[in-house]
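Chemist: Need coordinates for the following:
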Amino acid sequence: MAATPCIFCQIARSDTSTHILHIDDKVVAFQDIKPSAFRHYLVIPIKHLPTVKELQRVHEDYALVSHMLDVGKMLLQRDASQSTDYRWKQLKYMSLGPLGAFIEAEKLLAKLSPVQTSHI
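Modeler: Numbers count the residues shown, from 1 in each chain. Alright, predicted model coming up:
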């Protein structure tokens, strides 16, 4: 029996009717299907990540999560530049696609910060 395709991967491939707010080579952003706020955006990686445990302390993963946060900030600035009423707390938590959970972005970035190696 074939596994059900990941809905987030389908969105990232533009296989759905989801209105895309932003897309680049790393992430795709769109409005949540059941938003809890007027501007409830999801920024997800294009590459399928089954769990947050797949992320490593390497530059590529750190850059991905940082980019996801930057895209979220850019969308809020673009769509609500005059607003002083949006809550930063909303942006601090991000969904990593199929994980189905929200991750506190700054804490995740700290955990993913690449280990510095000494070249002696």
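Chemist: Provide a list of residue ranges in this protein with pLDDT below threshold.
Modeler: In the predicted model, the chain carries pLDDT under 70 at residues 1-4, 83-107, 115-120.
Chemist: How are the strands of it distributed by residue range?
Modeler: For the chain, the strands defined by DSSP state E occupy 20-23, 27-31, 41-45, 93-95, 102-104.
Chemist: which residues of this protein fall in helices?
Modeler: Along the chain, counting by DSSP state H, helices occupy 7-12, 59-79, 88-92, 105-112.
Chemist: Tell me the helices and strands packed up against the first one.
Modeler: Spelled out, it's helix 7-12. If you count contacts as 3 or more Cβ pairs under 8 Å, 6 or more residues apart in numbering; DSSP states H and E, helix 7-12 packs onto strand 27-31, strand 41-45. Backbone N, C-alpha and C define where each C-beta goes, glycine included.
Chemist: same question, the longest one
Modeler: Helix 59-79 makes packing contacts with strand 20-23, strand 27-31, strand 41-45, helix 88-92, strand 93-95, helix 105-112 when contacts are defined by 3+ Cβ pairs under 8 Å, 6+ apart.
Chemist: hang on, the earlier thing: single out the most deeply packed of the helices and strands packed on helix 7-12.
Modeler: Comparing the helices and strands packed on helix 7-12 by mean neighbour count (mean count of other Cβ atoms under 10 Å), strand 41-45 comes out on top with a mean of 22.
Chemist: Strand partners (parallel or antiparallel) of that one?
Modeler: Its sheet considered, strand 41-45 pairs with strand 27-31 (antiparallel) by DSSP bridges.
Chemist: Which residues does the strand it pairs with contact?
Modeler: Outside of strand 27-31, the residues within contact range by Cβ atoms under 8 Å, 6 or more residues apart in numbering are 11-12, 18-23, 39-46, 64, 67-68, 71-72, 75.
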